[in-house]
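In: What would the 3D arrangement of this be:
(4 chains)
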Number of protein chains: 2
Amino acid sequence: MSADTKQPKTRSRPTRAQTRARLLQAAGEVFAERGYDRASLDDVAAAAGLTKGAVYSSFSGKDELFYALMAERIDERLGLVAEAVDRQNTPEAMTSDVGSGLVRLISSQADWHLLFIEFWTRAVRDASLRKEFARHRRAAREVIARFLEQQATEAGVDLPAPADQLAVAVLALSNGIAIEQLADPDSIDPSTFGVILSLILH
Amino acid sequence: MSADTKQPKTRSRPTRAQTRARLLQAAGEVFAERGYDRASLDDVAAAAGLTKGAVYSSFSGKDELFYALMAERIDERLGLVAEAVDRQNTPEAMTSDVGSGLVRLISSQADWHLLFIEFWTRAVRDASLRKEFARHRRAAREVIARFLEQQATEAGVDLPAPADQLAVAVLALSNGIAIEQLADPDSIDPSTFGVILSLILH
DNA sequence: GAGAGACGATACTAAGCAGTATTGAATACC
DNA sequence: GGTATTCAATACTGCTTAGTATCGTCTCTC
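Out: As a prediction, this is how the structure comes out:
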């Protein structure tokens, strides 16, 4: 993946991958700001410093651009969670740390949640998209469920409910709190998520 | 409000209030099915058996129609919750009953959650709408928080966390579970909500 | 360095839709 | 009972925007 792509000394035109990446990033910003339906491809292209021609050269249309963006971001985030989980070895203090950490994550990544919810609304209304969405969700649940089981085993205690159910509750709480927080930042104390998590998990 | 509106023996035309109500109901269906941006006023009017002229005769435009719909539904729901809370006098079995009851409510009122989330996405992006939204949310939190406090006092126990925080968690969980459930019904066991609630509240 | 093909800019098309203007009919008022 | 007014249907306007067609230019291969 390194030596067989020849580089001319100086390129006056970006590579295909670069253009694609710029479009995806611009799409993330513009879709989050305006909402998918109200954002035009001209807007997205302009935000990337390009034109609609570039969009149709890299993607089959508006939908595919959005789906590609979401697929990328969802994978990224699942990776982040899996990583964080691997690193996490404090069995007790975990919950509140994770909780307040997530609260910070939520407010610093407001865009993500807007995009995610927008994607969800489309998935709910489109059977094949919903299937894809459910697949990702299942993967996320499993990462969390296994983590919980592992922590419980190490601590020598039983989980207060099936790991699956706890995992889905953690995900639900995360989205639910993001919703409240984005609507009214004052409604969520930074410790809330952690407090609730520790109630659920201990 | 009753005697001073004269009724002709037989009306060939519905009253203003009736057409308004039909439009609101149709808007609820069509917006939920297609999403706000993709639903046209012609669609809504047709679903009500009317035309766009009726819409503009009763509302100033598409936005006002949507906001009127949401204001109505939000009030309805707050009333329902307040009522349910007043009736509820079983201090222990409450949580699982309320939980599974809410799960049933969620799946039977999928439309409501789609509309609500759509309204939320608009509120997040519009300052004045967000303020309104936050006001409703605060009212809901207070109903729940007072209920929790009352239950705790009657049972002679302390709440495991400030009532405000517990209340916002209940709301968050409700939305979060609705999201998971609408995306993948299998992910949510009917008992999940109740189980988690009892973990949080005991 | 010449020909071929990839990329993306520009110009255009067609469709959808919010909102307006106008008209016809039902009801209220005198 | 006749006139004014309210209400909603119809017809129309203007604008936005996804998607397409075309054309110029950069880069890769030989």
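In: quick one, what contacts the residue in chain A positioned nearest to DNA strand C?
Out: Nearest residue of chain A to DNA strand C: residue A:53, at 2.0 Å (Cβ to the nearest atom of the strand). Where C-beta positions appear, they are placed from N, C-alpha and C, glycine not excepted. By Cβ atoms under 8 Å, 6 or more residues apart in numbering or on different chains, residue A:53 lies in contact with residue A:45.
In: tell me which element it falls in.
Out: Secondary structure from DSSP states H and E places residue A:53 in helix A:52-58.
In: Check residue A:137 too.
Out: helix A:127-155.
In: buried set for that helix?
Out: By neighbour count on 16 or more other Cβ atoms under 10 Å in any protein chain shown, the buried set for helix A:127-155 is A:129-130, A:132-134, A:136-137, A:140-141, A:143-145, A:147-149, A:151-152.
In: same question, stretch A:58-76
Out: Applying 16+ other Cβ under 10 Å to stretch A:58-76 flags A:58, A:59, A:62, A:65, A:66, A:68, A:69, A:70, A:73, A:74 as buried.
In: quick one: the helices in chain A?
Out: A:16-34, A:41-47, A:52-58, A:62-87, A:94-108, A:110-125, A:127-155, A:163-183, A:192-201 (DSSP state H).
In: Out of those helices, point me to the one whose mean pLDDT is lowest.
Out: Across those, helix A:94-108 has the smallest mean pLDDT, namely a mean of 62.
In: from chain A, which residue is nearest to DNA strand D?
Out: Per Cβ to the nearest atom of the strand, residue A:61 is where chain A lies closest to DNA strand D, at 3.2 Å.
In: For that residue, grab phi and psi.
Out: Dihedral pair for residue A:61: phi 170, psi -170, per degrees, to the nearest 10.
In: Counting neighbours, what do you get for residue A:162?
Out: 16 (other Cβ atoms under 10 Å in any protein chain shown).
In: near DNA strand C, which residues of chain A show up?
Out: For chain A, the residues in contact with DNA strand C (Cβ under 7 Å from any atom of the strand) are A:13, A:14, A:16, A:19, A:45, A:50, A:51, A:52, A:53, A:54, A:57, A:58.
In: quick one: contacts for the second one?
Out: The neighbourhood of residue A:14, defined by Cβ under 8 Å, 6+ apart, consists of residue A:22.
In: rewinding a little: got the residues of chain A next to DNA strand C as JSON lines, with distance to residue A:202 columns?
Out: Below are these laid out as JSON lines (distance: Cβ to Cβ, whole Å):
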{"residue": "A:13", "distance to residue A:202": "58"}
{"residue": "A:14", "distance to residue A:202": "52"}
{"residue": "A:16", "distance to residue A:202": "51"}
{"residue": "A:19", "distance to residue A:202": "50"}
{"residue": "A:45", "distance to residue A:202": "51"}
{"residue": "A:50", "distance to residue A:202": "52"}
{"residue": "A:51", "distance to residue A:202": "56"}
{"residue": "A:52", "distance to residue A:202": "54"}
{"residue": "A:53", "distance to residue A:202": "57"}
{"residue": "A:54", "distance to residue A:202": "52"}
{"residue": "A:57", "distance to residue A:202": "54"}
{"residue": "A:58", "distance to residue A:202": "49"}
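In: which one of those is nearest residue A:197?
Out: Nearest to residue A:197 out of those is residue A:58 (Cβ to Cβ; 40.7 Å).
In: Distance-wise, check the closest one relative to residue A:14.
Out: Distance of residue A:58 to residue A:14, given as Cβ to Cβ, to the nearest Å: 11 Å.
In: Residue A:155 too?
Out: Residue A:155 is 51 Å from residue A:14, by Cβ to Cβ.
In: same thing with residue A:123?
Out: Residue A:123 is 32 Å from residue A:14, where distance means Cβ to Cβ.
In: Equivalent analysis for residue A:150, please.
Out: In terms of Cβ to Cβ, residue A:150 sits 44 Å off from residue A:14.
In: now swap in residue A:180 and tell me
Out: The value you get for residue A:180 to residue A:14, if Cβ to Cβ is used, is 41 Å.
In: isn't residue A:69 right up against residue A:29?
Out: No - shown here, residue A:69 and residue A:29 do not form a contact pair, counting by Cβ atoms under 8 Å, at 10.4 Å.
In: who's in contact with residue A:78?
Out: Residue A:78 neighbours (Cβ under 8 Å, 6+ apart): A:136, A:139, A:140, A:143.
In: Residue A:192 versus the third one, what's the distance?
Out: By that I understand residue A:140. Counting by Cβ to Cβ, the gap from residue A:140 to residue A:192 is 21 Å.
In: and if you look at the first one?
Out: Using Cβ to Cβ, residue A:136 is found at 26 Å from residue A:192.
In: next one: the last one
Out: As judged by Cβ to Cβ, residue A:143 and residue A:192 stand 23 Å apart.
In: Same question for the second one.
Out: Residue A:139 sits 26 Å away from residue A:192, going by Cβ to Cβ.
In: Next: residue A:12.
Out: 53 Å.
In: Residue A:110: which of the buried residues of stretch A:58-76 is nearest?
Out: Using Cβ to Cβ, the buried residues of stretch A:58-76 come closest to residue A:110 at residue A:73, 13.7 Å.
In: just checking, that closest one touches residue A:115?
Out: Yes - under the criterion of Cβ under 8 Å, residue A:73 makes contact with residue A:115 at 7.1 Å.
In: Show me whatever sits in contact with both of these two.
Out: Shared contacts of residue A:73 and residue A:115 (Cβ under 8 Å, 6+ apart): residue A:28.
In: what's around residue A:174, how many residues?
Out: A count of nearby residues for residue A:174, using other Cβ under 10 Å, gives 22.
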